[in-house]
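> what follows is a predicted structure for the sequence shown.
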Amino acid sequence: MLQAPKRQKTTSPSMLSNSHQQESNPQYMNTAMSQTKPRNSLGLSVGTLSQQVARCIARVRALSNSPLEQYTYLDRIRCENYALFYEIVHHHLREVVSIIYTPTVGLACQEFSHIYTPGSVPGLFLSLSDKPNLDSILQNWPGQDPDICVMTDGSRILGLGDLGVNGMGIPIGKLSLYVAAGGFNPSKTLPITLDLGCNTQKHLDDPFYLGTKTTRPTDEIFYDFVESVMVALKKRWPALLVQFEDFSSEHAFGTLEKLRDRYFTFNDDIQGTGAVILSGFINALRLSGIPLKDHRILFVGAGSAGVGVASQLKDHFIRAGGLSDAEAKALFWLMDSKGVVTTDRSDAARYPQHKTLFMRDDMNGTQIGSLIEAIDTIKPTALIGLSAVGGAFTEEVLQRMAQINAKPIVFLCQIHLPMQNAHLPSCQDLKRICLVCFWNCIPSTATPSDWCYSGARTRKQHVHFSGSWIWICSGQGYCRDGQHGVPICCFSF
């Protein structure tokens with residue numbers, strides 16, 4: 001007589017349910033080997049963390065011809081498994097930093113509404129219609145109480161213009177690097193995008209655009225909404241550090257001025273970039289051999305980053321060099337797309353407020369439109385590129401700098417655009433800079449760069465990169481008091 005086969009012991013539905021919830025939550029699904037019992041109960045294989053990292057980084061390398069595919073692959077891992085993602089980033093930071101942030105994140109932002117995975121929760125989107133319900137929305141945030149928030153409105157994403165909610169890739173990328181380099185808990189980070197419309201028509205016409213399809217509101221409505229968001233954030237999480245990122249230049253300075261003394265906040269484009277370049281410049285000063293008071297600094301770019309960096313350097317020159325405010329300002333020249341910023345330029349009456357802080361009043365009607373002309377006239381000891389337009393530092397520009405300086409200081413910081421839209425400093429590009437300057441320049445970039453070699457020569461030039469998104473905010477997080485604005489001295493040296 002045939003006997004019924006003996007049934008194997010099964011897992012209870014409740015255990016399966018709890019296991020599934022944990023295995024599907026990136027905060028709990030640490031690795032394929034960390035929760036052996038529930039994974040075995042579900043029939044899942046168990047592997048070591050190092051095996052998973054090796055498998056994933058091999059896949060990233062196999063996708064090297066498509067940076068956007070590399071980004072989406074790593075982002076999917078981030079959404080599914082925090083521990084694995086950050087283990088990859090921790091052990092291969094130099095290799096993946098340009099994938100999860102600049103320049104590739106620019107491509108991801110441009111395609112954000114098209115590559116978005118339904119069901120994923122990249123962060124918190126807040127629109128004007130949410131204003132009456134901000135308290136309840138924050139109360140329902142499903143994650144742990146955050147320590148740090150990166151917030152954008154998408155109005156000036158890198159050098160790509162107004163991308164609206166597509167700019168969410170920036171808060172996500174910044175926070176990923178803060179976790180990897182600064183030790184923040186990934187479960188206690190909060191990316192926020194303010195959905196306040198978009199002034200780029202192609203996004204409004206895009207049927208897949210995820211944001212509100214309206215143009216942006218007036219300044220009055222904008223500042224009122226930002227204030228409401230900050231009130232709600234402070235009420236919900238009093239010790240939360242809020243970083244403003246990639247707002248339009250006017251709103252970047254406006255929000256900083258209005259909020260800095262009342263909330264625990266700072267603006268990375270203005271203060272973070274300024275602090276990092278100041279750090280690099282202090283070291284460049286030592287290498288140049290030129291006294292601080294004898295430097296002449298030309299900025300290519302007069303937006304929030306350019307003015308922010310100039311302000312940081314000016315304050316340092318006053319403190320370290322004993323100069324007056326006027327004496328320090330006299331060492332700075334700013335250029336925008338129309339030339340050197342002066343009081344007697346034809347469009348001076350239309351300058352935004354921040355640009356007037358460093359406009360020259362001693363040019364006696366002379367208008368300088370090109371960078372070569374500016375170098376010949378001003379004879380700068382240092383060039384600092386902070387424009388959204390890459391490729392400004394041509395071989396001719398560098399040759400001019402090498403002719404008038406024994407050790408020219410060159411900061412290549414307009415490096416935030418996707419690779420096909422800007423001049424990303426590859427190893428060969430930076431070697432060209434060093435060769436043109438006869439290996440006597442002091443170069444620095446905003447994006448990680450390889451060591452540069454000059455053919456068979458044994459001498460090598462280490463190129464520093466200034467990733468303010470890592471070094472500055474990581475420090476701010478550890479010195480926070482959680483009550484008031486971040487003091488200006490925190491960005492000084």
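Okay, I see it.
> how far does the longest strand seen in the chain sit from the chain's center?
Looking across the chain with DSSP state E, the single longest strand is strand 189-195. When distances are taken as Cα atoms, centre = their mean, to the nearest Å, strand 189-195 is centred 14 Å away from the chain's centroid.
> which residues touch the helix or strand following that strand?
Next helix or strand after strand 189-195 toward the C-terminus (DSSP states H and E): helix 201-204. Helix 201-204 is contacted from outside by 113, 162-164, 166, 198, 209, 211, 213-215, using Cβ atoms under 8 Å, 6 or more residues apart in numbering. Backbone N, C-alpha and C define where each C-beta goes, glycine included.
> okay, now the sheet partners of the longest strand of the chain, with direction.
Note on strand 189-195: by DSSP bridges, its sheet partners are strand 124-127 (parallel), strand 148-152 (parallel).
> so which of these is the most packed in?
Among these, strand 148-152 has the highest mean neighbour count (mean count of other Cβ atoms under 10 Å), at a mean of 25.
> list the helices and strands whatever helix or strand comes next after that strand packs on?
The C-terminal neighbour of strand 148-152 among helices and strands, as given by DSSP H and E, is helix 169-182. Contacts defined by 3 or more Cβ pairs under 8 Å, 6 or more residues apart in numbering; DSSP states H and E place helix 169-182 against helix 67-80, helix 82-91, helix 93-100, helix 104-110, strand 148-152, strand 189-195, helix 468-478.
> where in the stretch 251-400 of the chain is pLDDT low?
Where the stretch 251-400 of the chain drops to pLDDT under 70, the residues are 388-390.
> now do the helices in it.
273-288, 304-321, 325-329, 371-378, 395-404 (DSSP state H, counting those that start in this stretch).
> check the residue lying closest to Thr189 once chain neighbours are set aside and give its pLDDT.
Counting by Cβ to Cβ, 6 or more residues apart in numbering, Thr189 lies nearest to Leu175, which is 4.3 Å off, once chain neighbours are set aside. On pLDDT, Leu175 comes in at 94.
> ok, Leu175 to Leu204 distance?
From Leu175 across to Leu204, the span is 28 Å (Cβ to Cβ, to the nearest Å).
> neighbour count winner among the two?
Leu175 (25 against 16; other Cβ atoms under 10 Å).
> dump the residue contacts of the more buried one.
148, 150, 184, 186, 189-191.
> can you put the residues you listed in JSON lines and add distance to Phe281 and pLDDT?
Putting the contacts of Leu175 into JSON lines (distance: Cβ to Cβ, whole Å; pLDDT from 0 to 100) gives the following:
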{"residue": "Ile148", "distance to Phe281": "27", "pLDDT": "94"}
{"residue": "Val150", "distance to Phe281": "25", "pLDDT": "97"}
{"residue": "Phe184", "distance to Phe281": "27", "pLDDT": "88"}
{"residue": "Pro186", "distance to Phe281": "33", "pLDDT": "91"}
{"residue": "Thr189", "distance to Phe281": "30", "pLDDT": "95"}
{"residue": "Leu190", "distance to Phe281": "32", "pLDDT": "97"}
{"residue": "Pro191", "distance to Phe281": "31", "pLDDT": "97"}
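> from these, pick the one nearest Tyr223.
Of all the contacts of Leu175, Val150 has the smallest distance to Tyr223: 19.6 Å, by Cβ to Cβ.
> what sits against the nearest residue to the closest one once chain neighbours are set aside?
Spatial nearest neighbour of Val150, chain neighbours left out: Pro171 (3.9 Å); criterion: Cβ to Cβ, 6+ apart. Neighbouring residues of Pro171 by Cβ under 8 Å, 6+ apart: 123, 149-152, 191-193, 245.
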